[in-house]
Structure formats: C-alpha cells, structure tokens
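Undergrad: 3D, please:
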Amino acid sequence: MVSPAAERGRAVRERLLNAAAELIPERGWTAVSTRILAERAGVTPSVVHYHFPSLSSLLSEAATSRMRELLAGLNELMESTRSPGDAIETMLASVEEYTGVDASSLLFIEAYLASTRDDELRERIRELVAEFRQRFGQWLDQHGVPAPFETAAVLAACVDGLLLHRGLGLKAKDPSAVLRRLLSASPEEERQCEQ
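TA: Residues are numbered from 1 along each chain as shown. This next block holds a predicted model:
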C-alpha cells in the first residue's frame, strides 16, 4: 500500500513533468526557468529541486518520457502491419497529425537541439532511438527486407526529417510513395545507389 505522502509526491512529480512538457514547446528549452515551471505546476520553486536534482534533469525526463510514449505507439502500430509497404504507410499515417510546429513536434525539436549541448540527454535520446530502430529492424528482417537494420535507421531518420521540414513548409503530396519505392528497389538498383 502506498502512503498518502508518497502518492502526493508522485502527483507533484507528474505535474512538474507535464508542466515541463508544455513549456518546452511554448518557450523553448533554454527559456524554461525553475520559477516559470513551478508556477505552471502550481508549486513553489523549492519543490522542483526536491523532486529532481536539477532543472535540466527534469526537462530531460519530461521530453524523453513523451518520446518514449510516441515510439511505443509506433511499435504497437507496426505489429498490426503485414508488409514493409504497409509499415511505411502506417508510420507516416501515425505522424500525419504532427505539423512540425505543433507542441509534440516542437518538444522533439527542442530536445534534439538541447542534446547537442547535453551529453546525458543525447545518450537518453540515442537509447530510445536505438531501441526503436532495433525493433523496427527486426520486424523488417522478418519480412525479408534487405539490410533491415540500416533500412530501419534511414526510415526513422526520414520520418524525423519530414516532421522537421513540415515546420519549414514542406507540402509533400505522398512521401510514403517515395519510401515504398526505396523498399522495393531491386538488388541491382541498390548496388547502383551505393556506388
């Protein structure tokens, strides 16, 4: 049985993480201060440091938790697909709601940017992405895709790139058609691309 104090502590911690996940896309990673975060969560600034060793660690946890949720959703969707072409359709359809300037997209972009200056955050994100690539690569391997792990890495990077470019005004009519063509390339075409 969880004590009432422990339950209250868990609830405050969740409020802080949710507030951080809202503020990062609104203000930008570096503009989120302990005071602003505490105000949004409805706590005093000292509570922030009671629950987290630093503001940076709180922001990192908030961002990577949301990333983990989104990637877990992609993994679940992947399990319901039957072919590599369907997998691409599913991946792109699942991120269609993200415009590149919505809160989730901005949270990812801000986290990626912050990770260029924060080794710990970069490692956390790298692990999440590596786990996704590994699972997706295994799925592609089971479906006979050549170089499945390399393909998974490039496709994951393509999805990230599409989201980034949407924020810059990309209006691709059917990016899945381009990616499907890549998956169905003949071995001869693949060799030509490698040269």
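
Undergrad: hang on, Val101 packs against Gly167?
TA: Yes. In this structure, Val101 is within contact of Gly167 by Cβ atoms under 8 Å, at 4.9 Å. Quick note: C-beta positions are derived from backbone N, CA and C, even for glycine.

Undergrad: separation between the residue nearest in space to the middle of the chain and His49?
TA: The residue lying closest to the centre of the chain (Cα atoms, centre = their mean) is Met67, at 3.6 Å. For Met67, the distance to His49 (Cβ to Cβ, to the nearest Å) stands at 24 Å.

Undergrad: distance of Arg8 from Met1?
TA: Taking Cβ to Cβ, one finds Arg8 at 15 Å from Met1.

Undergrad: More neighbours: the two, which one.
TA: For Arg8 and Met1, the more surrounded residue by other Cβ atoms under 10 Å is Arg8, and the numbers stand at 10 against 3.

Undergrad: got a list of contacts for stretch 100-119?
TA: 21-22, 24-26, 28-30, 56, 59-60, 63-64, 66-67, 70, 98-99, 121-122, 125, 160, 163-168, 170 (Cβ atoms under 8 Å, 6 or more residues apart in numbering).

Undergrad: Just the ones in helices from these, please.
TA: Mapping the contacts of stretch 100-119 onto helices (DSSP state H) picks out 21-22, 24-26, 56, 59-60, 63-64, 66-67, 70, 121-122, 125, 160, 163-167.

Undergrad: Any quick PyMOL command for the buried ones out of those residues?
TA: Buried subset of the ones in helices among the contacts of stretch 100-119, written as a PyMOL selection, criterion 16 or more other Cβ atoms under 10 Å:
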select buried, resi 21+22+24+25+56+59+60+63+64+66+67+70+121+122+125+160+163+166
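
Undergrad: Report the helix or strand with the lowest average pLDDT across this structure.
TA: In the chain, no helix or strand scores lower on mean pLDDT, DSSP states H and E than helix 187-194, which sits at a mean of 55.

Undergrad: for this protein, which spans come out with low pLDDT?
TA: Along the chain, segments meeting pLDDT under 70 span 172-174, 179-180, 182-195.

Undergrad: Return the distance of Met1 relative to Glu7.
TA: Applying Cβ to Cβ, the value for Met1 to Glu7 is 10 Å.

Undergrad: In this structure the residue nearest to the centre of the chain contacts Ile125, no?
TA: Yes. Between Met67 and Ile125 there is a contact under Cβ under 8 Å: 6.9 Å.

Undergrad: how far does stretch 75-86 stretch from start to finish?
TA: Taking Cα to Cα, to the nearest Å, stretch 75-86 runs 13 Å from one end to the other.

Undergrad: From the rest of the structure, what touches it?
TA: 87, 89-91, 94, 132, 135-136, 139-140, 143, 145, 180, 183-184.
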